[in-house]
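**Student:** coords please:
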Amino acid sequence: MEKEKIDKRLLVGVFIILAGILLLAKNFGIMGPALNHYFFRWEMILIGLGLIFTINPGNRTTGIILLFVGLAFYTRDIFHLDFNFWQLFLPALLILAGIMVMLRNKIDSLWARNPLSDEENQIDDTAVFGGGDRLMRSQHFKGGRITAIFGGSSFNMLKAKLEPGMNVIDVFCLFGGTKFIIPDDWNIKVRVTSIFGGFSDKRHILPETHSNDETQLIITGLAIFGGGEIKSYPD
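**Tutor:** This is a model prediction of the structure:
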């Protein structure tokens, strides 16, 4: 985990240095008007951040979306195409979401992520225009993957235990959501990127109640017009 943080800082640092070099070249007239026209555009910020997130593990979904939006508007401005943000945003979001849902397993394999082969100890749930309630009893819970589109599921983990080490649940919520019922003493980190949505931890928890700081559950992914919540009690 620490290596991932260092890598991300390194990538951000390189991006800032390159931006500084380009700005310096612009100020001293080294770059001609044509290069200024192509490089000094607001879309380059989205493209640069998209590249950083895409290269770095854990945020590649966010990176792909930033790249897609940045390149779309860069192309519009360079070729003087006639469309605005809202004409592009929702249709492109739905198309991209559909592609990512269909190719999710292949994308995970491409990025060398661990396949979900342990059904008893991992979640692999897809809820489209529906959902349900699941009770997890695994004593070696390792995380998993959840897709919620216009629907969602609830996962009761009060009788489950985490596998030692870092365990990851990757969520993708589009006009939907998911709920986790988790013991107060689990050490949970929420790293979900939300766009017109949110993901909140509503447990009544104090830092000292964590039973083992080295055993963690990381909830990561993307929530668009949706989200989720973590609670320590069933409704």
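
**Student:** residues near I149, how many?
**Tutor:** The burial count assigned to I149 is 21, neighbours taken as other CB atoms under 10 Å. Every C-beta, even on glycine, is put in place using the N, C-alpha and C of the backbone.

**Student:** so what's it bridging to?
**Tutor:** Per DSSP bridges, residues listed as beta-bridge partners of I149: V128, L174.

**Student:** That one contacts V171, doesn't it?
**Tutor:** No - shown here, I149 and V171 do not form a contact pair, counting by CB atoms under 8 Å, at 11.6 Å.

**Student:** If we ignore the residues flanking it in sequence, what's nearest K159?
**Tutor:** Nearest residue to K159 in three dimensions, chain neighbours excluded: R137, at 5.1 Å (CB to CB, 6 or more residues apart in numbering).

**Student:** Same question for L96.
**Tutor:** Nearest non-adjacent residue to L96, counting by CB to CB, 6+ apart: F68, 5.8 Å away.

**Student:** T126 versus the one you found, what's the distance?
**Tutor:** 22 Å (CB to CB, to the nearest Å).

**Student:** can you pull out the helices in the chain?
**Tutor:** 2-27, 33-39, 43-55, 60-79, 85-102, 104-110 (DSSP state H).

**Student:** where does this protein dip in pLDDT?
**Tutor:** Counting by pLDDT under 70, the chain has low-confidence residues at 1-9, 11-12, 31-32, 34-37, 56-62, 83-86, 88-90, 99-119, 205-213.

**Student:** How is it partitioned into domains?
**Tutor:** According to automatic domain parsing, the chain comprises the domains 2-107, 117-231.

**Student:** Comparing those domains, which comes out most buried?
**Tutor:** Among the domains of the chain, domain 117-231 has the highest mean neighbour count (mean count of other CB atoms under 10 Å), at a mean of 18.

**Student:** Does L217 touch N167 like I think?
**Tutor:** Yes - using CB under 8 Å, L217 is in contact with N167, at 5.2 Å.

**Student:** which neighbours do those two share?
**Tutor:** Residues touching both L217 and N167 by CB atoms under 8 Å, 6 or more residues apart in numbering: F141, G143.

**Student:** residue contacts, the closest residue in space to K202 that isn't next to it in sequence?
**Tutor:** In space, and not counting its chain neighbours, K202 is closest to K231: 5.2 Å by CB to CB, 6+ apart. The contact partners of K231, by CB under 8 Å, 6+ apart, come to K179, F180, I181, I182, K202, R203.

**Student:** Then E163?
**Tutor:** For E163, the contacting residues are N121, H140, F141, K142, T215, by CB under 8 Å, 6+ apart.
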